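Undergrad: Next one to model:
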Amino acid sequence: MGRNIGAGIAGVVIAGLLVWIVEKIGHAVYPPPFGLDFADPDAMRAYIAMLPLGALLFVAAAWFIGTVGGTFAACKLGTARRFIFALVVGGFMLVATAINLVMIPHPMWFSALGIAGIVFGAWLGLKLSGGALPEAESGRPARTASRTTTATVAGRTIPVACRSRATGKAMKPSARTHR
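TA: The predicted structure follows:
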């Protein structure tokens with residue numbers, strides 16, 4: 001339990017650090033005007049309105065990269081179902097992004113891109129870590145293992161009994177596995 005909580009916290013911290021690093025790189029490429037007060041909402045609105053496309057894409061990329069990296073790290077560090085870590089890190093990033101988008105108005109296309117990037121980033125981090133969606137949500141039927149008992153009759157191996165481990169019911173011959 002403690003390892004999973006730590007993994008979730010580590011994933012969120014790693015996501016935040018990656019966002020900070022990529023945004024720092026973006027500020028180096030597109031430096032803000034000298035004397036800009038980041039705490040002043042009116043100054044930030046004016047600044048966002050004049051930003052070039054590349055500067056906005058750096059921010060969206062930061063959110064995406066942070067979500068992928070944080071989700072991947074949490075999934076690898078934790079022992080619980082990996083989907084839970086994708087929800088934790090992705091959910092944290094969505095909440096932080098929503099707060100940012102409400103406090104500082106951005107273009108509508110950027111808001112949609114940022115939110116979609118976070119959702120896709122959480123999914124990609126989950127997939128890269130080897131995780132999968134839960135069976136109920138993936139639309140795939142649950143896989144059941146089967147055991148086949150065989151007998152040798154006249155030099156030929158044939159299945160004698162085949163029962164599903166999941167249900168205990170006999171399986172159809174086409175579903176049998178032969179050893």
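
Undergrad: all helices of the chain, in order?
TA: Taking DSSP state H to define them, one finds helices in the chain at 2-29, 41-50, 53-77, 82-103, 108-128, 135-138.

Undergrad: May I see those organised as JSON lines, with mean neighbour count and mean pLDDT added?
TA: All C-beta atoms are positioned from the backbone trio N, CA, C, and that covers glycine. Below are the helices of the chain laid out as JSON lines (neighbours: other Cβ atoms under 10 Å; pLDDT from 0 to 100):
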{"stretch": "helix 2-29", "mean neighbour count": "17", "mean pLDDT": "95"}
{"stretch": "helix 41-50", "mean neighbour count": "13", "mean pLDDT": "86"}
{"stretch": "helix 53-77", "mean neighbour count": "22", "mean pLDDT": "95"}
{"stretch": "helix 82-103", "mean neighbour count": "19", "mean pLDDT": "93"}
{"stretch": "helix 108-128", "mean neighbour count": "18", "mean pLDDT": "95"}
{"stretch": "helix 135-138", "mean neighbour count": "10", "mean pLDDT": "47"}
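
Undergrad: Make CSV out of these and add distance to residue 35.
TA: Output for the helices of the chain, formatted as CSV (distance: least, Cβ to Cβ, whole Å):
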stretch, distance to residue 35
helix 2-29, 14
helix 41-50, 9
helix 53-77, 18
helix 82-103, 21
helix 108-128, 25
helix 135-138, 50
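
Undergrad: Give the closest residue to the residue minimising distance to the centre of the chain in space, chain neighbours not counted.
TA: Geometric centre of the chain, nearest residue: residue 122, 2.0 Å, by Cα atoms, centre = their mean. Among residues not flanking residue 122 along the chain, residue 90 sits closest, at 3.0 Å (Cβ to Cβ, 6 or more residues apart in numbering).

Undergrad: Now do the contacts for that neighbour.
TA: Neighbouring residues of residue 90 by Cβ atoms under 8 Å, 6 or more residues apart in numbering: 67, 71, 118, 119, 121, 122.

Undergrad: and what of residue 19?
TA: Contacts of residue 19 (Cβ under 8 Å, 6+ apart): 62, 63, 65, 66.

Undergrad: out of those residues, which one sits closest to residue 16?
TA: Minimum distance to residue 16 across these is 6.7 Å, recorded for residue 66 (Cβ to Cβ).

Undergrad: pretty sure the closest one contacts residue 93?
TA: Yes - here residue 66 reaches residue 93: they are 6.6 Å apart, a contact under Cβ atoms under 8 Å.
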